[in-house]
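In: Kindly return the folded structure for what I paste below:
(chains A and B)
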Amino acid sequence: MTESLLEVEELRVGFALGGRELRAVDGVSFSVNPGTTLAIIGESGSGKTVSCRAIMGLLPTGTAIRGSARLRGSELIGLTDSELRRHRGTDMAMVFQDPARSLNPTMRIGAQIAEAIRTHRQVTKAEAQAQAIELLRLVRMPAADRRFHEYPHQLSGGMRQRVMIAIALACRPKLLIADEATTALDVTTQAQIMELLLELQEQLNMALIMISHDLGLAASYADEVIVMYAGKIVEQAPASRLFGAGGAVRMRYTRALLDAIPHLERPAHTLLPIVGGRPPDPTALPPGCSFAPRCAYAEDDCRAKTPALTEHAPGHSWACWHPCENGSGMSKGGAA
Amino acid sequence: MTAEPKTTELNGGRGGSSPRKPAEPLLSVRDVVQEFVVRERGGTKGGVVHAVSSVSFDVLPGETLGIVGETGSGKSTLARAILQAPRPMSGSVVFRGTDLTTLRGRKLLDARRHMQFVFQDPFGSLDPKWQVRHIVEEPLVAYRTGDRAARRKRVEELLDLVGLDPARYGKRHPRALSGGQAQRVAIARAMALDPSLLICDEAVSSLDVLIQAQVLNLFERLRAELGLSYLFIAHDLALVKQVSDRVAVMYLGKLCEVGPGESVYRQPLHPYTKALLDSIPSTEPGAGRATATIKGEPPSPINPPSGCRFRTRCPRATDLCASEEPMPRELASGHLVACHFPLIEPPPAGSAAAQETAATATPAPAAAPAPAAKGAGQ
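Out: As a prediction, the model looks like this:
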């Protein structure tokens, strides 16, 4: 466990909301090893983005953050902004969903990358420019020399996301957090960007945290998968254990998510298994398991006691009183 | 090759080989073209966006036709051209036997009444100041249907139909609804006039996956119970395939492949369709990692490539693809493709794909029996 790059323990984030506390993240623990990919999956409001923003120190002041997040052994929670800035960029960086809104529309992209370099390193303008062009080549920007002088509006969505990745990689961080970084992109572009990220990860031995709502993305690209619901981790396992042949998800909510995804394998017009209701109000969480009100398998104990996230099988943890049988409910295999 | 290639309209599903007597199509779109002039600074003509270029297809009664395409493929422009908002530059849109492109004013409104729309953003399409019951009632008022009591009763039926309790939701404003509920209201409004065709433009794309499943099932129920037809437009091929009888793939303003959903998925004929299938990350065991099989970005629709519009990114492209536009051919029952070198043939000599095959010419072990595997081996 000592070789973990990032270790998060009992992270809790609460926002004050007119006297009530909105508990966005409620006791989340996980670790990421160098060079590996962790996917954090959940619906809107599950707390996946807030967890990572808490780690990056990107939440508004006044947010109650408790628990611990250690990057290469040094504690991040409770640091001042200027202390955090030493870590951001050099140790960890983040790429967001909407590259159009993250880039400065009035600045040429080359200058924006060079600025990121000069913020963290003492180099001359010319050196920063040379490095910026190199970064653009690293992220496979077509015609990097020419694009260097262009503005964000002249680029497509995929190219803008490449620029964002170039900025994030400017100081070769050890940890890159991609928050729905490919959600706004077309599926063919998404595949290109994901391939790029994985190649860069290998090249730079960088750890990657992918925040997404898309289980397919996790199945395809992640080593380890965390599923969040109402601020808690409800299931965690290596991707191969969840999605591989013979693997199986155990937590009812993960199963529901998996069943609800449209599949190419399913015949047309099949009805999807339905989960009614919506995620609970985070200011008034139900007692017991947060998913119980929507769960078809919930019994009285689910509504009374909160199931703890427990490692029931090697590397596979889930928080559920009545989990799916091992291997049950698996959708049918390939076409063969 | 099994099927006799023949040139036909991309009306798929009912090719000459089908012994069944084809039903009269509900919607028949022929050679629809939509172009927009972009002006440069000072108002001079800067270029023409070829958003939709000669697109033809049919939707049969009770059928769902899915149109899948990426950003800029022209799928939404096509939907609007069908609605006559704005009217297409040329081509015909025959709906229930009437060509909408020849109608105006009241006549157009009457002809269009049985064709309704559901858009991506439910909040953007619902007036925030109106109560849900008034939003759903509006089409009834606009078409002067029934008296007040009859309309009120109909609104309650409609809200019931989409799974919203009229007593609980009727007096709410859109802001008091979740995304899924708001989309149900939009669907209830679309159903008010008993349409025979519902055009859904990314209608579930903004919803979380569990809510999306609820709305998809609602669409399915309306189809089964009311015999509703759909034109289902989305960027997500897996989603489109699941709801559709037939799937059309659109690239840069043109349809490149149309066929029964199952057939398009098992045996894609167009290299672009194959690339789309390859890039979908799947949770299916044995699906393998999604791969980016095409490089680069789609070209600008202002100056689309000559010949085949996909040729600039296609591994099978040759000089022929640049000089001659491929016409749609029916290569399997109801399965049409507009490609000179469809995937059931080996890659043409001189193409990038042929060189790649030659480089790895060992007898391919069936390492990845993905259903979307190259058709060349069959």
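
In: Could I get the full set of strands for the stretch 151-300 of chain B?
Out: Shown for the stretch 151-300 of chain B, the strands assigned by DSSP state E, counting those that start in this stretch span residues B:197-201, B:229-234, B:246-251, B:254-260.

In: who wins for proximity to A:Glu199 among these?
Out: Nearest of those to A:Glu199, taken as C-beta to C-beta: strand B:246-251 at 26.7 Å. Yep, even glycine has a C-beta here, placed from its N, CA and C like the rest.

In: Need the contact partners of the closest one.
Out: B:10, B:12-13, B:55, B:57, B:63-70, B:73-75, B:78, B:237, B:240-241, B:255-261, B:264-265, B:270, B:272-273, B:276, B:298, B:309-310, B:334 (C-beta atoms under 8 Å, 6 or more residues apart in numbering or on different chains).

In: Return the distance of that strand from the chain's centre.
Out: 6 Å (C-alpha atoms, centre = their mean, to the nearest Å).

In: Without its sequence neighbours, what residue ends up closest to B:Ala203?
Out: Once flanking residues are discounted, B:Ala203 sits nearest to B:Val118: 4.3 Å by C-beta to C-beta, 6 or more residues apart in numbering or on different chains.

In: Who is the one you found paired with across the strands?
Out: Beta-bridge partners recorded for B:Val118 (DSSP bridges): B:Cys200.

In: What residues does the stretch 101-250 of chain B have near chain A?
Out: Contact residues (C-beta under 8 Å from any C-beta of the partner chain) of the stretch 101-250 of chain B with chain A: B:178, B:180, B:208-214, B:216-217, B:220, B:223-224, B:235-239, B:241-245.

In: 6 Å instead, please
Out: Counting by C-beta under 6 Å from any C-beta of the partner chain, the stretch 101-250 of chain B comes close to chain A at B:178, B:208-210, B:213-214, B:217, B:220, B:238-239, B:241-242.

In: can you list those in TSV and add neighbour count and pLDDT?
Out: As requested, these are exported to TSV (neighbours: other C-beta atoms under 10 Å in any protein chain shown; pLDDT from 0 to 100):
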residue	neighbour count	pLDDT
B:Ser178	14	85
B:Asp208	22	85
B:Val209	20	88
B:Leu210	23	88
B:Ala213	24	91
B:Gln214	23	88
B:Asn217	17	92
B:Glu220	19	93
B:Ala238	21	92
B:Leu239	22	93
B:Lys241	25	94
B:Gln242	24	93
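
In: Closest to B:Pro348 out of these?
Out: Among these, B:Lys241 lies closest to B:Pro348 (C-beta to C-beta), at 28.4 Å.

In: so that closest one makes contact with B:Gly261?
Out: Yes. The pair formed by B:Lys241 and B:Gly261 meets the contact definition of C-beta atoms under 6 Å, at 4.5 Å.

In: what sits against B:Thr312?
Out: Contact analysis of B:Thr312 by C-beta atoms under 6 Å, 6 or more residues apart in numbering or on different chains lists B:299, B:305.

In: Can you check the pLDDT for it?
Out: On pLDDT, B:Thr312 comes in at 94.

In: same check, this time on B:Glu70
Out: Value listed for B:Glu70 in the pLDDT field: 89.

In: Is it in contact with A:Leu185, as I believe?
Out: No. Contact criterion C-beta under 6 Å: B:Glu70 and A:Leu185 do not qualify, at 9.3 Å.

In: So if I had to pick from the two, which one is more boxed in?
Out: Counted by other C-beta atoms under 10 Å in any protein chain shown, B:Glu70 and A:Leu185 do not tie: A:Leu185 has more neighbours, with 22 against 19.

In: For burial, what's the neighbour tally of the residue nearest to B:Ala203?
Out: Using other C-beta under 10 Å: B:Val118 sits among 23 other residues.

In: Now do the contacts for it.
Out: Residues near B:Val118 by C-beta under 6 Å, 6+ apart: B:186-187, B:190, B:200, B:203.

In: where's it relative to A:Glu115, distance?
Out: Applying C-beta to C-beta, to the nearest Å, the value for B:Val118 to A:Glu115 is 44 Å.

In: where does B:Ile135 fall, helix, sheet strand or coil?
Out: At B:Ile135 the chain is in helix, as set by DSSP: H, G, I helix; E, B strand; the rest coil.

In: Please report the distance of it from B:Arg184.
Out: On the measure of C-beta to C-beta, B:Ile135 and B:Arg184 end up 11 Å apart.

In: and these two? which has more neighbours close in?
Out: Just comparing B:Ile135 and B:Arg184: by other C-beta under 10 Å the higher neighbour count belongs to B:Arg184, 25 against 21.

In: Now do the contacts for A:Ala24.
Out: Contacts here follow C-beta under 6 Å, 6+ apart; on that basis A:Ala24 touches A:13, A:47, A:50, A:231.

In: Run through the residues that contact the third one.
Out: With C-beta under 6 Å, 6+ apart as the criterion, the residues that contact A:Val50 are A:13, A:24-25.

In: so how far is A:Ala111 from it?
Out: In terms of C-beta to C-beta, A:Val50 sits 32 Å off from A:Ala111.

In: do the same with A:Glu299
Out: Look at A:Glu299 and A:Ala111: by C-beta to C-beta, they are 60 Å apart.

In: out of the two, which sits in the more crowded spot?
Out: A direct count of neighbours by other C-beta under 10 Å for A:Glu299 and A:Ala111 places A:Ala111 higher, at 17 against 11.

In: three-state assignment of the more buried one?
Out: The three-state label given to A:Ala111 by three-state DSSP is helix.

In: Tell me where chain A has strands.
Out: For chain A, the strands defined by DSSP state E occupy A:6-17, A:20-32, A:37-41, A:64-71, A:74-75, A:92-95, A:175-179, A:207-212, A:224-229, A:232-238, A:310-313, A:316-318.

In: Same list, the ones you listed, but as TSV with mean pLDDT please.
Out: Formatted as TSV, the strands of chain A follow (pLDDT from 0 to 100):
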stretch	mean pLDDT
strand A:6-17	93
strand A:20-32	92
strand A:37-41	96
strand A:64-71	94
strand A:74-75	92
strand A:92-95	92
strand A:175-179	94
strand A:207-212	96
strand A:224-229	96
strand A:232-238	96
strand A:310-313	93
strand A:316-318	95
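
In: Can you lay out the ones you listed as JSON lines showing distance to B:Glu284?
Out: Output for the strands of chain A, formatted as JSON lines (distance: least, C-beta to C-beta, whole Å):
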{"stretch": "strand A:6-17", "distance to B:Glu284": "31"}
{"stretch": "strand A:20-32", "distance to B:Glu284": "26"}
{"stretch": "strand A:37-41", "distance to B:Glu284": "16"}
{"stretch": "strand A:64-71", "distance to B:Glu284": "34"}
{"stretch": "strand A:74-75", "distance to B:Glu284": "41"}
{"stretch": "strand A:92-95", "distance to B:Glu284": "28"}
{"stretch": "strand A:175-179", "distance to B:Glu284": "23"}
{"stretch": "strand A:207-212", "distance to B:Glu284": "17"}
{"stretch": "strand A:224-229", "distance to B:Glu284": "15"}
{"stretch": "strand A:232-238", "distance to B:Glu284": "17"}
{"stretch": "strand A:310-313", "distance to B:Glu284": "22"}
{"stretch": "strand A:316-318", "distance to B:Glu284": "20"}
